[in-house]
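Chemist: Need the 3D shape of this:
(one chain, ligands or ions: 1)
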Amino acid sequence: MKTKVGIDRIHFYLPPKYVDMGLLAEARGVDPNKYLIGIGQEKMAVTDATIDIVSMGLNAAYPIIQEEDKDLIDQVIFATESAFDYSKAAATYLHESLGIHAFAKSYEIKEACYGATAALQIACDYVRLRPERKVLVVASDIARYGLATGGEPTQGAGAIAMLISKNPSVLALEEDSISLTDNQYDFWRPDYLDYPLVEGKFSTQLYNQCFIKIMEEAANKHLDLFDTLKGLCFHLPFSKMGKKALQAYQDYLNSKEGSLDPKVVLAFNRWLEVYPDLIQIGKQVGNIYTGSLYLGLISLLVNGTALNAGDKLGLFSYGSGAVAELLVGQLQVDYRKALKLEDLNKRLAQRQELSIEEYEMIFSEKLPNDGKTHLLEPSVLPGDFYLTKIDGHRRYYQQYKTQTD
Ligand code: COA
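Modeler: The predicted structure follows:
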C-alpha cells in the first residue's frame with residue numbers, strides 16, 4: 001500500500017483590523033446589498049505597513065511548527081503575488097525565524113492565486129519520494145485593487161501555513177490531479193503598477209470555463225467525481241465565485257445533455273449543501289489571493305457538520321493568467337483535532353473595526369524607501385510577529401511582546 005501524504009497541520013493568520021462592507025458600500029454610494037448579497041462579503045481584513053506577507057506568513061506557520069519538525073523540514077515554499085522584493089524570497093525570512101535546519105531550501109512561487117497549489121503539489125511529491133521528511137508551504141497575500149475601484153470590495157489579507165508529511169492528520173492528497181493552462185489577460189500586474197489591472201467580468205467567465213474544462217477532462221478520464229466527492233472547495237476571491245462556477249457547470253451539462261443523470265443531480269445537491277460552510281470564514285476576511293482556496297478548506301472543516309473522516313473533497317484552484325487545477329483529498333480520522341479552532345474564533349472576536357477614513361488612511365500609507373533606519377510601532381496583537389524595523393533597505397521582524405509577557 002502506498003504511503004499517504006498530505007496536509008498534516010494547517011493554520012490561518014487573520015490580521016487584527018477590518019472594515020465593515022455595508023459601511024464601505026455606503027461610502028462608495030453603492031447599495032450595501034451589492035456587497036453583502038451580490039458579492040457576498042461582510043467584512044474585509046485590512047493591513048497597515050507593519051503587517052506584510054512575511055509577518056503574516058510567520059504568524060500562520062509559527063503555531064504549527066514543533067521543535068522536532070525543525071530538523072525534518074527540507075523545504076520552505078512561499079506562494080505569493082504580493083512580494084516586496086523581486087529577488088530575495090520571503091521564505092528565507094521564515095526559514096530563519098522558525099529555526100529550520102540550515103540544509104533546507106527556501107523559495108517563492110508565483111502564479112496569481114494558483115501559486116499555493118503548485119507549492120502544495122511540489123511538497124507532496126517531495127514527501128512521497130522521502131516519506132520521513134516534511135515540507136512547509138505558506139500562502140500569504142495582501143489583495144489590493146485600489147480605493148473606490150470595481151475590485152475594492154474583493155480585497156482582503158491573510159496567510160495560510162500547511163505542514164506536509166506522510167500519514168497526515170488532516171487531508172491525504174491523491175497523486176493524480178487535473179491541471180490546465182490558458183494564457184489570458186484577466187488579472188495581471190506589470191511591475192510598474194501599484195495595483196493590478198483586472199477585467200472583472202471576463203475573469204469570472206474564464207474561471208467558470210476553466211472549471212468546466214477540468215470537470216469535463218475528469219469525466220473523459222473516467223474519474224467519477226460525482227460519485228466520490230462529498231464536497232468541493234473553490235478558490236474564492238469573493239464568496240459567490242464557487243457557486244457561480246457550479247451554476248455555470250450545471251447549465252453547461254444541461255445544454256449538452258438535455259437532462260441530468262440522477263447521480264449528477266445528487267452530487268450538485270451535496271456540493272451546494274456544504275457550500276455555506278465553505279464560505280463562512282472568508283465572508284469575514286475577504287480575498288487572500290493564493291491562500292483563499294485553503295481558507296475555504298479550513299472553513300469547511302471547521303463548520304462542515306455533514307462531513308466525516310474518510311470523505312473525499314475536491315479542491316478547485318484557479319489563478320488568473322490563467323492556471324487551474326483540481327486536487328482530490330481524503331479527510332483523515334483526526335482532522336477536527338488538528339485544527340486550532342479556539343484560536344481562530346478568538347481572533348475573529350478580537351478584531352478591531354476601522355472607520356472608512358481610518359481604512360483609507362492606512363491603505364494609502366507607504367513605508368519610507370530612503371534606506372535610513374526606521375523603527376515601526378506594532379499594531380498587531382501580543383504574540384504576533386510584525387515588521388519592527390527597516391534599515392538599509394532590509395526588513396526585520398520580531399514578536400510583539402508586552403511588559404507582562
Ligand atoms: N442587491 C443584491 N445584489 C446585487 C445588487 C443589490 N443591490 N447590486 C448588484 N448585485 C449583484 C449583481 O446582480 C451581481 O450578481 P451576479 O454576479 O450573481 O449577477 C453581483 O452583485 C455583482 O454585481 P456586478 O454588477 O457584476 O459587479 P461589478 O461589475 O462591480 O463586478 C466583480 C464584481 C467581483 C467582478 C469585481 O469586483 C471584480 O472585478 N473583482 C476582481 C476580479 C475577480 O475577483 N475575478 C474572479 C476570478 S479570480
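Chemist: When you work out contacts or count neighbours from here on, use the C-alpha atoms and nothing else.
Modeler: Will do.
Chemist: Please, where are all the strands along the stretch 251-400 of the chain?
Modeler: Here the stretch 251-400 of the chain has its strands, by DSSP state E, counting those that start in this stretch, at 312-319, 323-331, 352-353, 374-375, 385-391, 394-399.
Chemist: Deepest in the core, which of those is it.
Modeler: For these, ranked by mean neighbour count under the definition mean count of other CA atoms under 10 Å, the leader is strand 312-319 at a mean of 25.
Chemist: Run the chain-centre distance for that one.
Modeler: Using CA atoms, centre = their mean, to the nearest Å, the mean C-alpha position of strand 312-319 is found 12 Å from that of the whole chain.
Chemist: Name the strands paired with it and say parallel or antiparallel.
Modeler: In the sheet containing strand 312-319, its partner strands are strand 229-234 (parallel), strand 323-331 (antiparallel), by DSSP bridges.
Chemist: Quick one: closest of the ones you listed to Met162.
Modeler: Set against Met162 and scored by CA to CA, those come closest in strand 323-331, at 14.3 Å.
Chemist: Ala89 is nearest to which of the strands of the stretch 251-400 of the chain?
Modeler: Taking CA to CA as the measure, the strands of the stretch 251-400 of the chain were each checked against Ala89, and strand 394-399 came out nearest at 12.4 Å.
Chemist: tell me how far the lowest-mean-pLDDT helix or strand in the chain is from the chain's mean position?
Modeler: Least confident helix or strand, the chain: helix 341-350 with a mean of 87, by mean pLDDT, DSSP states H and E. On the basis of CA atoms, centre = their mean, helix 341-350 sits 18 Å off its chain's mean C-alpha point.
Chemist: list the buried ones in that helix?
Modeler: Within helix 341-350, the residues that count as buried by 16 or more other CA atoms under 10 Å are 341, 344, 348.
Chemist: just to revisit the earlier point, nearest to His95, out of the strands of the stretch 251-400 of the chain?
Modeler: His95 lies closest, by CA to CA, to one member of the strands of the stretch 251-400 of the chain: strand 394-399, at 12.6 Å.
Chemist: Show residues contacting that closest one.
Modeler: Contacts made with strand 394-399 from outside it, assessed by CA atoms under 8 Å, 6 or more residues apart in numbering, are listed as 55, 382-390.
Chemist: What is the nearest of those to the ligand?
Modeler: Nearest to the ligand among the contacts of strand 394-399: Ser55, at 24.5 Å, using CA to the nearest ligand atom.
Chemist: who's in contact with the closest one?
Modeler: With CA under 8 Å, 6+ apart as the criterion, the residues that contact Ser55 are 385-387, 397.
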